[in-house]
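Trainee: quick one: sequence and predicted model below, then my questions.
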Amino acid sequence: MNLFEKQASEFIGRHIGANEEEAAQMLRTIGASSLDELIGKTIPASIRDKEGLSLPGPISEHQYLIELKQVAARNKVFKSYIGQGYYDTIVPSVILRSLFENPGWYTQYTPYQAEIAQGRLESLLNFQTMVADLTALPLANASLLDEGTAAAEAMTMFFNLKNKDHDHVTTPKFFVDSNIFSQTKDILLTRSLPLGIQLVEGDYRKAVIDGSYFGAIVQYPASDGAVEDHRQFIQQVHASNAYVVMATDLLALTLLTPPGELGADVAVGNSQRLGVPMGFGGPHAAFFAAKDDFKRSIPGRIIGVSIDAQGNRALRMALQTREQHIKREKATSNICTAQALLANMSAMYAVYHGGAGLTNIAKRTSLLARTLSHEMGELGYNNLNSSYFDTVKIKVSDAAAIRRLAEARGMNFRYYDEAYIGITLDETTTQQDVLNILGVFHEAAGSHLVTATFEVEDDTLDNIPSSLTRVSEFLTHPVFNTHHSESEMMRYMKSLENKDLSLNTSMISLGSCTMKLNAATELIPVSWPEFGGLHPFAPADQWQGYQQIISELENALSEITGFAATSLQPNSGAQGEYAGLLAIRAYHAAHKEAHRDVMLIPISAHGTNPASAVMAGMKVVVVKSDDEGHIDVADLKAKAEQYKENLAGLMVTYPSTHGVFEESIKDICKAIHDNGGLVYMDGANMNAQVGLTSPGFIGADVCHLNLHKTFAIPHGGGGPGMGPICVNEKLKPYLPSHVSRDNASQNGAGTKVHAVSAAPYGSASILLISYAYIRLLGAEGLTRSTKYAILNANYMKARLEKYYKILYSGSNGTCAHEFIVDLRPFKTSAGIEAEDVAKRLMDYGFHAPTLSFPVPGTIMIEPTESEDKGELDRFCDALIAIHEEIVQIEEGKADKVDNALKNAPHTQHVICADQWSHAYSRTQAAFPLTYLKDNKFWPSVGRVNNTHGDRNLICTCEPTSSYELA
Ligand SMILES: Cc1ncc(COP(=O)(O)O)c(C=O)c1O
């Protein structure tokens, strides 16, 4: 390799932690003579593809950014007046720098380990409070994926509440007001079909809601901008014992009577315009707020208040409502990854501006809309809505001519058809912008003299009727009224960041979650305006840069998975599962076998698999595992045979959730195909396959990829993520379509798959991260990463197996990219549970591995390729030291109750308290190993009491007094 080739591949050595010398030492510990020998022992020869992905070679970070700037220049960032759920916004620089672009925030994991996640839990509680206040509904979750899917979640929640028995549906109808966003309608259609929900579309003012309806949706302000009073309609729906969801706009709600006060049961929407770039469709945090009655059925994660072991206030994910997917086939939603990082951004935007600041932004926007409406009227274009917030809708004689003039001046309007145009203003709109808009219409009329009279007083907002003017207070909590100076704001975000353990502190070895490096170069372009400033429904000639990234990424992912085509639409792994299952469903329907609805799912599968299958209208049949943790092939074959008439397929994770490459996988795929089914591969463990084998090569028909695992998108404390699906030729016609694109698959009547996400390419702007990952590593680096992920896992396994029992290995005694450590024996020998080990690891400066999945009482370790030997050793040393602490208990040298594990984690307050009554020393508690002297992370609260929080469910900010330490 010459110097220039070396430069091109230098990122490989930066992404992969271990250098060659370390790798050699690690191989010696494992007992393998070379990396290739280890890989040969680990991946069964029958599924080993020839090496050499057909992808470009690596590129240096510097060169990549230069090239990407050229691609970015192919995007044209017009002033967007399209509206329809996506608005330009000003991201406060302090939030951009301290949160969005800060690894202390974006490399966080989902806050399962609450004691080292209090910062983001606090911020998510602020988000919930903000949403609850603005909607005037008492309960809000910590984000959903997008507005369209949030509306669908409300619909299915209502459906399930009213129709407990899906075989005997008594109230099948859901009313959809015509004046809601078209992308939301598209998703409601997708979600309704498999469940047998009947959508009835019409004008809510004329609707007759009887006992056959379980619910209804209206939009407020409506899709075309109208602000209307839905009180009477809501009463009518309630009179029939049905529920109402209002899709709404948080900024507008600072001025409008909120949904809760109008009587709505649920409010959903997108918090994007509160300080999150449009990003060509995402990522943004959708919100979901509900009346108290829904607290046990609300989808997504909810943050709640509890206390810790010392009685101090402590936050955690509220258990009883947490994560529907844990209920597997009984779940009513498959949401797992959501949009935590973006929820935090929006919450911080509200913290920074406060209630009064948000109201001023809303008034300014509305006042300019009013001026625009008035001046358009003077020109003879009457606003069709007399009540509106930010949107002017007009009738024109020649929309195409207006469009030409507007686009020539760098503006996008919304074009309903040849006759109607919508113009939606936002926080960024200035008086000059309004003049520019008016200039288009003046020019169309042949005049060039543009004038307007601008009102600047907010008491002239007569475009909002008094019956719908907000009078109730909101965002009164001190957190929204304190941090308004930049110094305060910067320190507030830093103080929260300090409470959270992220990848910039130490490795987060979460099995199944692949917490690898999220390289700065991969992330930098996400905040470039050429990518952040695009509306997802902008005309195609304005997003040529995105088009290039999208098609190159689709091709690369198809190559990596061994498939024919890729859809980048699903915006989480679980959404990918759902989209993949819909493809299977549509395939069977197109082959006149719509009755095929049985999905086989191994018992070890992630909860989202059965949850997605049920949402796709399938019946779940569980396949057993054998004692080795492998799929019980005999049971699988018997079930495939038993259900052959109705078999839709199999969902299988590979390598298995137990961290093993099952040798029988080809046989398994064949058994499914022989019985008429298709194979869905859950690609969550793709980090063990890239470049060495692939779902297509193995024999699957479709897979999803978690780009936020294998392809370097950060987890953001619980989202964003992306879950594209890759399919073979058979399923290519059944990829999701989108109402905003003319890409409806040519696949015959009744089998078209509608949208699964609100935007056509899901959370498009973060696709840049995975694109960069693939470009920077190139074919060679991608394959090497997989090998090192397997090397690192086997090295840790080799070090730890002298102390702990490791569950499940392949036939040569190796694991894949992760492995399971059995902690169950310590329950009897020392009274120590897996949770105690997880909490004790915090004292050693580490986040626990995946706890009790897929096997209760265990931890699953996945180091990834990005950790070097030093970090792997520190983690192993910590677990070995913990083992010694357990031995001390077993031998009676440490107390069974008062020991460092049971009392973990130890906070600074506990260690520095004047009183210390434990049988072990403070040093043993907080500095058990020497490396901690250099890098000590302090959990900010002691062990969190889950039961207390669940008994007293509080999901919004409480009075400040409760924050004081006991
Ligand atoms: C095996 C497996 N499948 C599916 C999922 C769901 O992915 P997401 O959280 O992106 O919805 C996960 C998430 O951790 C997983 O581990």
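Mentor: That came through fine.

Trainee: enumerate every residue touching the residue of the stretch 1-150 of the chain found nearest the ligand.
Mentor: Nearest to the ligand, among the residues of the stretch 1-150 of the chain, is Thr110, at 8.3 Å (C-beta to the nearest ligand atom). Where you see a C-beta, it was placed from the backbone N, CA and C, and this is true even at glycine. Shown in contact with Thr110 (C-beta atoms under 8 Å, 6 or more residues apart in numbering): 301, 337, 340, 715, 717-718.

Trainee: 10 Å instead, please
Mentor: 117, 120, 301, 317, 323, 336-338, 340, 510, 513, 715-719 (C-beta atoms under 10 Å, 6 or more residues apart in numbering).

Trainee: same deal with Ile59?
Mentor: Applying C-beta under 10 Å, 6+ apart to Ile59 gives the contacts 7-11, 65-67, 772, 775-778, 781.

Trainee: repeat for Ala926
Mentor: 843-844, 900, 905-908, 910-912, 932, 936, 938.

Trainee: show me how to select, in ChimeraX, the buried members of those.
Mentor: Per 16 or more other C-beta atoms under 10 Å, the buried members of these correspond to this ChimeraX selection:
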select :843,844,900,905,906,907,910,932,938
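
Trainee: for this structure, what lies in contact range of the ligand?
Mentor: 336-337, 512-513, 572-574, 606, 608, 653, 657, 682, 684, 706, 721, 723 (C-beta under 6 Å from any ligand atom).

Trainee: what's the closest of the residues you listed to Asn179?
Mentor: Proximity of the residues of the chain next to the ligand to Asn179 (C-beta to C-beta) peaks at Ser572, which lies at 28.5 Å.

Trainee: that closest one and Gly300 touch, don't they?
Mentor: No. With contact defined as C-beta atoms under 10 Å, Ser572 does not reach Gly300; the gap is 11.1 Å.

Trainee: what touches both of the two?
Mentor: Common contact partners of Ser572 and Gly300 (C-beta under 10 Å, 6+ apart): 144-145, 335-336, 338-339, 719.

Trainee: out of these, the closest to the ligand would be?
Mentor: For those, the residue nearest the ligand by C-beta to the nearest ligand atom is Cys336; the value is 3.3 Å.

Trainee: report how many residues lie close to that closest one.
Mentor: Cys336 is flanked by 27 other residues according to other C-beta atoms under 10 Å.

Trainee: that one is in what secondary structure piece?
Mentor: Using DSSP states H and E, Cys336 falls within no helix or strand.

Trainee: tell me the contacts of it?
Mentor: Residues near Cys336 by C-beta under 10 Å, 6+ apart: 110, 300-301, 323-326, 572-575, 577, 606-608, 611-612, 706, 718-719, 721, 723.

Trainee: are any of those residues buried, and which?
Mentor: For the contacts of Cys336, a neighbour count by 16+ other C-beta under 10 Å gives the buried set as 110, 300-301, 323-325, 572-575, 577, 606-608, 611-612, 706, 718-719, 721, 723.

Trainee: in helices, which of the residues you listed fall?
Mentor: When the buried ones among the contacts of Cys336 are checked against helices (DSSP state H), the matches are 573-575, 577, 608, 611-612.

Trainee: as a markdown table, the residues you listed with distance to Asp541 would be great.
Mentor: What follows is those, written out as a markdown table (distance: C-beta to C-beta, whole Å):
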| residue | distance to Asp541 |
| --- | --- |
| Gly573 | 33 |
| Ala574 | 34 |
| Gln575 | 29 |
| Glu577 | 34 |
| Thr608 | 38 |
| Ala611 | 40 |
| Ser612 | 36 |
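
Trainee: nearest to the ligand, of those residues?
Mentor: Of all these, the ligand sits closest to Gly573, with 2.4 Å by C-beta to the nearest ligand atom.

Trainee: wait, what's in contact with the closest one?
Mentor: 334, 336-337, 606, 608-609, 612, 682-684, 704-709, 721-724 are the contacts of Gly573 under C-beta under 10 Å, 6+ apart.

Trainee: for this protein, give me the ranges with low pLDDT.
Mentor: Where the chain drops to pLDDT under 70, the residues are 319-324, 742-750, 962-966.

Trainee: looking at it, which helix is longest?
Mentor: Ranked by residue count and defined by DSSP H, the top helix of the chain is helix 340-378.

Trainee: flag every buried residue along that helix.
Mentor: Those buried within helix 340-378 under the rule 16+ other C-beta under 10 Å are 340-355, 357-359, 361-376.

Trainee: packing partners of it?
Mentor: Applying 3 or more C-beta pairs under 10 Å, 6 or more residues apart in numbering; DSSP states H and E, one finds that helix 340-378 contacts helix 93-95, helix 103-106, helix 118-135, strand 286-290, strand 391-395, strand 420-424, helix 431-444, helix 486-497.

Trainee: can you tell me which of these is most buried?
Mentor: Scoring the helices and strands packed on helix 340-378 by mean neighbour count under mean count of other C-beta atoms under 10 Å gives strand 286-290 as the most buried, with a mean of 30.

Trainee: so how far is it from its chain's centroid?
Mentor: Per C-alpha atoms, centre = their mean, to the nearest Å, the displacement of strand 286-290 from the mean C-alpha position of its chain is 15 Å.

Trainee: partners of the residue in the stretch 351-500 of the chain that the ligand sits nearest to in the sheet?
Mentor: Using C-beta to the nearest ligand atom, the closest approach of the stretch 351-500 of the chain to the ligand is made by Asp500 at 19.3 Å. Counting by DSSP bridges, Asp500 forms beta bridges with Ala117.

Trainee: separation between it and Val837?
Mentor: Asp500 sits 21 Å away from Val837, going by C-beta to C-beta, to the nearest Å.

Trainee: please apply the same query to Ala793.
Mentor: Shown here: Ala793 relative to Val837, a distance of 19 Å by C-beta to C-beta.

Trainee: is the closest residue in space to Gly281 that isn't next to it in sequence in a helix, a strand, or coil?
Mentor: Leaving aside its chain neighbours, Gly281 sits nearest to Ala759 (2.6 Å; criterion: C-beta to C-beta, 6 or more residues apart in numbering). Under DSSP: H, G, I helix; E, B strand; the rest coil, the three-state class of Ala759 is coil.

Trainee: neighbours of Ala759, how many?
Mentor: 28.

Trainee: pretty sure it contacts Ala538?
Mentor: No. Contact between Ala759 and Ala538 fails when scored by C-beta under 10 Å: they sit 11.3 Å apart.

Trainee: any residues in contact with both of these two?
Mentor: In contact with both Ala759 and Ala538: 86, 278, 280, 740, using C-beta under 10 Å, 6+ apart.

Trainee: need the contact list for the third one.
Mentor: This points to Phe280. Counting by C-beta under 10 Å, 6+ apart, Phe280 touches 75, 86, 531-538, 543, 545-546, 549-550, 759-765, 767-768.

Trainee: tell me which two in the contacts of Ile59 are the farthest apart.
Mentor: For those, the farthest-apart pair by C-beta to C-beta is Ile66 and Gly781; their separation is 19.1 Å.

Trainee: identify the residues contacting Gly85.
Mentor: With contacts defined as C-beta under 10 Å, 6+ apart, Gly85 is in contact with 146-148, 180-184, 219, 223, 247, 249, 269-270, 272-273, 278, 281, 284, 286, 424, 535-537, 758-759.

Trainee: find the helix or strand that Val176 is a member of.
Mentor: Secondary structure assignment for Val176, by DSSP H and E: strand 173-177.

Trainee: likewise for Val652?
Mentor: Secondary structure from DSSP H and E places Val652 in strand 647-653.

Trainee: which secondary structure elements does that strand contact?
Mentor: Strand 647-653 packs on helix 573-590, strand 598-602, helix 608-615, strand 619-623, helix 633-642, helix 665-674, strand 678-683, strand 702-705, going by 3+ C-beta pairs under 10 Å, 6+ apart.

Trainee: heading C-terminal from the shortest one, find the next helix or strand.
Mentor: Spelled out, that is strand 702-705. Helices and strands here follow DSSP H and E; after strand 702-705, the next one along the chain is strand 725-727.

Trainee: can you name the next helix or strand after that following strand?
Mentor: Using DSSP H and E, the next helix or strand after strand 725-727 towards the C-terminus is helix 767-800.
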